[in-house]
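In: Below are the sequence and a predicted model for it; my questions follow.
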Amino acid sequence: MKIGVFICHCGENIGRTVDCVRVAKACSFFPNVVHSVEYKYMCSDPGQNMIKQAIKDLKLDGVVVGSCSPHMHEKTFRKAVSDAGVNPFLCEIANLREHVSWVHDDKEVATDKAIDLMRFAVEKVKRNAPLKTIQVPVTKRTLVIGGGIAGIQAALDVANAGYEVVLVEKEPSIGGHMSQLSETFPTLDCSQCILTPRMVEVYQHPKIKLMTYSEVEKVEGFIGNFKVTIRKKARFVDDTLCSGCGDCAIKCPIKKKALSEFDEKLAFRSAIYVPFPQAVPNIPVIDKEVCTYFKNGKCSMCVKVCGRNAIKFDQQDEFISEDIGAIIVATGYKLYTIDKKPEASEIKGYGEYGYGKYKDVVDGLQFERIASASGPTSGEFQRPSDGKTPKKIVFIQCVGSRDESKGFSYCSKICCMYTAKHAMLYKHKVHDGEAYVFYMDIRAGGKMYEEFVRRAIEEDGVKYIRGRVSRIYEEDGKYIVKGEDTLAGVPIQIDADMVVLATAMVAQTDAPKLAQTIGMPYDNYGFYSEVHPKLRPVESSTGGVFLAGACNSPRDIPDSVAMASAAAAKALVLFGSDMLEREPTIAFVNENLCAGCFYCKKVCAYNAIEVKQIKDKNGNVIKEVAFVNSGLCQGCGTCNATCPSKAIELIGYTDEQIYAEIAALM
Amino acid sequence: MDDIKKIARELFTSGKVNAVLGYVSINGQRTKPFLATKPEETDNFIINKYILNNLTVYLTKKEILKYGKIGIFAKGCDVKAIVALLQESQIKREEVYIVGINCNGVCADFDMEFSGETIALKCLNCEVRTPKLYDELIGTTEEMPKADDGKLKMIRKIEALSSAEKWDIFEEQFDKCIKCYACRQACPLCYCERCISDKSVPRWIESSASKRGNFSWNIIRAFHLAGRCIGCNECERACPMEIPLSLLNRKMAMVAQEEFKYVSGLDPNTPTLIGSYDLKDDEDFIE
Amino acid sequence: MSHQTTNHTRTMTDDIKDITSQNPDICYQCGKCSAGCPVRNYMDEAPNLIVRYIQLGLYDKAVNSSTIWLCAGCLTCTTRCPKNFELAAFMDALREIALKKGIKIKEKAILKFHKAFLKQIKNHGRSYELGLIRDYKLTTGDLMADVDAAPDMLLKGKIGIFPHNIKGKESIKRIFEKTEVK
Amino acid sequence: MQIGYYPGCSLSGTAKEYGKSVRAIFKQLDVELADVTDWSCCGATSGHVTSHKLAMALSARNLALAEKQGLKEIFAPCAACFGRLAVTKQELKNSPALKEEIEGIIEDKLNNTIEIINIIQLFQKIGKEKIAEKKVLDLKNLKAACYYGCLLVRPFNILHFDDAEQPTSFEELVKSTGAEVVEWNYKLECCGAAHSLPRKDIVVDLSKKILDDAMKHGANVLVVACPMCHSNLDMRQKNIIKANPGQKEIPVLYLSELIGLCLGLDNKQLGINLHTIDFNIRLKKNVEEEVAK
Amino acid sequence: MENKTFEPKIIAFVCNWCTYTGADLAGTSRMKYEPNVRLIKLPCTGRIDPVMILKAFEKGADGVLVSGCHPGDCHYNAGNFHARRRWIMFHKLLDFVGIDENRLHFSWVSASEGKKFVDVINGFVNKVKAKGPFEKYEKINKEFVING
């Protein structure tokens, strides 16, 4: 190999503390170095031309530039080398500016260090292989996971830009939690009134393929080239035949066996049901668990009343494969459960508030349903136990949030606002009622938010008490709420008719499962992680996967919608070009050496390692070895370090290259 | 003890296996491993206090693999190796028929009377006297002699020493190494196609029996077994230079337990120690 | 990175940290402890305020309160604290510190009871009720304490006339000598 | 079954009947109680409220003694002793430095391996079946309010017993005697504990609330597992009645006494005759019929 | 006059995305630090193999520094979590055989922590300086030369 060395003075930047002439001279004595020069500005045109000329004249096949950080000009020099006909990956950069001249004062010492760094680079380049960047095409279709307000917004934005969208929702209808809300803060406009037109727009959009009652089963591939398998769960209703007349649900004899998910278990629903009247699509599903037909085959009332023969008891789950370029994850949140057994095992739950055993101690979404005109009480405030109008309601904030003992230490962000709204809605309907809010801090940062909370206090007379409640117990039909006003320093005891717990927004129970399916990171709480909290807030660190809404952290409607539009914009940026370029730094397997322990597979964060069977000429499997899917491999090299026999190595950072650098220390 | 010959024969006659790995007696106080490929070859099979070998080492050998389904007589400690091999995809569960042995301890070496003094060190705190995984189980567990855990004491003693003192101990021990690789040969979990010590480009580990090569080899050997070693101690028994290899292996197992509550070879379905991680792994030593 | 200043003078907060192995600054003053405290109504300061005083460095206010002595050690606060702050242990520490500092105790009778109790342990190794009552009465001057219950209990044999001395009495004495806060 | 036994001071003094009944019933249930030899006071409340290390050392001494005796588990019937021993074990486990220091103070070594169990856990070990097998009398006319007090379930992070806020194990056990249990609100509220002598006023107030709540929910007997709770609820009941004319009486039994009645032991054998508030199982209607049978 | 002090040789294995970039930031901020450390850039801490650390000692390093992205910040999602687990095992092993823990240093330095990078370098260089040359390793190296 013939290596050329080029030392840049960077004006005075390197030259001031590094004796560039001495460095160049020292390098000329390194084995294989046939050319070693220094120049004022290597990155300038004349500088680059020096490199090109030397390559041509001396038939160099390796170049080391001693200059600024490779993060600055590696691309520049690699291009110059490439222009001169040498593979760009046979060019290495030694960082003589950021790592030497700018951080040391003593010229002697700095020059010595510069020579060392040059030696590392020369030793490494000797072992570099000529590589090719990988070019991959982009499929310009987007998968949106989750049909709440964030998913709806993202789907519409992408579709309106002219690209196809597949919107997957696991429930029978899109709409998400927003469809359950009564009114929205701080404007108190009716949630369904602003949401349903959007839901219909999604349904009718020619570019959106809506798949409700469906879940993402498998995600293979990589940015621009995902292959996604979607499980379309059996509805037992043929959606091409159903006209949405609703007769089946009306006639279904199962009336009091199943609690309505939409009404947060405050009302019953039939076995065949549409979750709520405005559901999109307006096609029912059959709940197998309670349906008499599935239990003993004795009922088929829905079949009888369906004029279009749409009921299909023998329907099976379907698996649909889609080619996708970008994924927008908008899977939202769930509410902290106040029952004794919240799903996460480390969560203890609130025994002191009764673990959900008191009927009139409800959570935030239950109260939304009670307050909602479309809810089980048609918007009349009635308490669940006996239907009486509560005259005294206590609201307790921060249940499950800001509580590392029983829930999560984060602030759930929206509860201050929704509690103020709840108290306000109640006071508007029950004029002689008393509303008390136990809070720790009021966090009302948002447009017109603080004003909203103040209105609840000043105009509607909601009493705010600063303190956490210690205990609730039932006595003679009242709920004794024991608290302390920490501002006055006095104990407070309220005999309430009803208690509303402002339960926290928490990650979906299956959030980690989806993250593992897609191969993207999530935090300790189960929320999906963004690459950078400030500058790249809607991108997951997995290429081509973007985040929208509360799946990333607790978020209210305006924030979720803004984030959804941002995620849509990121997908559209990706669709701006037809091809993607990727670094060729990926792992490869020496199949002869691979013993098939698959530690590489265990540590790979990208599912890039596959199992390959080696067969003899008769087709018998001799052994199983690891195989790298070059489309998925991101080049971290964790597999390389983990492999005990080094049967898998990372191109560009092979053991041999690194060994050479270490050896160059002497 | 159950009639093991009958059991072994039945494995053949019932068509469960094509070959059986077991022990045969050499004289009263010695055994050797034996691969029976026909029912009648099992007639000399024996189980006694001298079934020291961990037969699982053969399970990954090509010569044995060619027989297809193999039966194996395995003590609880040996089964731990089977579990580890399953975790590491080296064998398939359905290809191995495990005759688990309820074990009451074995001798530290051949040619000695079994007693509290001669019991093998690995037996002292054995928690798998009944194997964790088996297709059939033979024998019963009985009272086992108690003895002093000298190795543990030694580890604790070393831990309390200064770095320089520790270094001197191991320099001396590793210096004895002649790079015969008997340790590697005896280890059921050293199944690499090519050991890193044989990798020549680059040569991470000096191949000659030099001090620094020995040092690297012994450390990397221990590290490659960290979180995997199941403590059968065959390496130490095999070492002709009597290097106390189990000190390192055991120390690593102790770290695995202290840091990650991980004990190797108990459950084929648990993720391996290296190869998995926990967000809450210890951080204190990192600035 | 630690921000410890070089010439840090020890404060009561440090003493509390040493005894309880927890940092009072983790308390975010939600008041759940006070809300559930069974003896809250008898205290001069709410329990959460005692923590607040320590956070603010108002140590005198904390150690002079009746609160720290009235805390019955029922652990309701500890059990329910959203920050896992062990308030009962914190109260124990404050009492210990108050004793060491020789603070004038607000709830004298309570302290005297504890002292009388510990004296029996120190002397005999186990509790000796008659001695306890005698010592307690003598130190408090409350000679009528439990005139209503004691005779009944004596009659029923619930109060031993003679103390039971354990064999290891001397080792108990040594334990006291090494640990007792006088 | 043999189990280490740490009676604690009260069981030979103010809670004599608890000690008596514990010995009587476990004998009946074939449990051999092996006393910790030369045990000393756990330090009780007075220990930990005045000196952390004193409290640790006093309890640790007993743990060390029990270890030396070769005990694997010790049963402490007194909820306060149970709590102190368990807390000490955990704290010393958490801090090797503290453990070392305490070992110096007690001049003894500690492996800290002993399990400490309370009376309910011991019954759980024995199993309901055993109690059912030895049952002589069905206590079906008792309506019991089970009073856990503070220290059976708290501190939960150390004891990990049942549930800190809505425990049920006590009730489950009492049900096996045939007695009915009442759901009530004060089963975990504090009775005032060690303030019994110096601040009788507080204890009278707190205990009254507990008694009232139990009676309000229909209980005709209160069942406890702590000598301190018992003396506050039984002995102090006289003071409560005196201060509150019209206040009704409610007998307070130790759990061991209740089980003892079920096993056919009488008031004297169980020490129930030593209570301030009289209790006679024969005076409860229907129970008599049962006895007649 | 000052005696010529011992200048240790230190090799650092750092990840490209965090610590290497953090070192760049220290440079652009013109912070000064000890010149003894030579960085070897790897894509991720997950790529750092314990054999490299041993080899660095063999090749005469008096100290080895390992540094990468903070937990949760890994460019490759989880490379540093796997690395951390390996380090836990490896540093305990080295400590057990007598490689002074002051000679092997682990740190998280993000791309924004130029100052921390400087502190880590200076702190570690001083630690190794205090320890002096790694004579024990030099000795076994030399014996290799003589015997080999």
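Out: Structure's in. What do you need?

In: For the nearest residue to residue B:197 once chain neighbours are set aside, what are phi and psi?
Out: Spatial nearest neighbour of residue B:197, excluding adjacent residues (Cβ to Cβ, 6 or more residues apart in numbering or on different chains): residue B:205 at 4.5 Å. For glycine as for every other residue, the C-beta is placed from the backbone atoms N, C-alpha and C. Per-residue torsions, residue B:205: phi -120, psi 120 (degrees, to the nearest 10).

In: where's residue B:205 relative to chain A, distance?
Out: Separation of residue B:205 from chain A (Cβ to the nearest Cβ, to the nearest Å): 11 Å.

In: Pull the number of nearby residues for that residue.
Out: Neighbours of residue B:205 under the rule other Cβ atoms under 10 Å in any protein chain shown: 24.

In: Kindly report the same for residue A:104.
Out: When neighbours are counted by other Cβ under 10 Å, residue A:104 registers 21.

In: In chain C, what residue spans correspond to helices?
Out: Assigned by DSSP state H, chain C shows helices spanning C:12-20, C:32-36, C:47-56, C:59-63, C:67-70, C:76-80, C:87-101, C:108-124, C:129-140, C:150-155, C:169-179.

In: Identify the residues contacting the residue in the stretch 101-250 of chain D that chain A sits nearest to.
Out: Proximity of the stretch 101-250 of chain D to chain A (Cβ to the nearest Cβ) peaks at residue D:165, 2.4 Å away. With contact set as Cβ atoms under 8 Å, 6 or more residues apart in numbering or on different chains, residue D:165 has these partners: A:350, A:351, A:352, A:355, C:79, D:188.

In: Repeat the analysis, applying 7 Å as the threshold.
Out: If you count contacts by Cβ atoms under 7 Å, 6 or more residues apart in numbering or on different chains, residue D:165 has them with A:351, A:352.

In: can you confirm it is in a helix?
Out: No - with DSSP: H, G, I helix; E, B strand; the rest coil as the criterion, residue D:165 is assigned coil and is not in a helix.

In: Give me the local confidence score for it.
Out: With respect to pLDDT, residue D:165 has a value of 93.

In: State the distance from it to residue D:214.
Out: Counting by Cβ to Cβ, to the nearest Å, the gap from residue D:165 to residue D:214 is 18 Å.

In: Does the residue nearest to residue B:197 touch residue B:196 like I think?
Out: Yes - shown here, residue B:205 and residue B:196 form a contact pair, counting by Cβ atoms under 7 Å, at 6.5 Å.

In: shared neighbours of the two, anything?
Out: Both residue B:205 and residue B:196 are in contact with residue B:220, where contact means Cβ under 7 Å, 6+ apart.

In: Spit out the contact partners of residue D:186.
Out: Residue D:186 touches D:209, D:210, D:213, D:214, counting by Cβ under 7 Å, 6+ apart.

In: In terms of residue numbering, what are the domains of chain B?
Out: For chain B, automatic domain parsing gives the domain ranges B:7-138, B:150-260.

In: Quick one: closest of the ones you listed to residue A:239.
Out: Checking these against residue A:239 by Cβ to Cβ gives domain B:7-138 as the closest, at 43.0 Å.

In: Can you classify the residue lying closest to residue A:203 once chain neighbours are set aside by secondary structure?
Out: Leaving aside its sequence neighbours, residue A:203 sits nearest to residue A:280 (Cβ to Cβ, 6+ apart; 4.9 Å). Recorded secondary structure, residue A:280: coil (three-state DSSP).

In: quick one: contacts for residue A:280?
Out: Going by Cβ under 7 Å, 6+ apart, residue A:280 touches A:173, A:174, A:175, A:199, A:200, A:202, A:203.

In: so residue A:580 sits in a strand?
Out: Yes - following the definition three-state DSSP, residue A:580 is counted among the residues of a strand.
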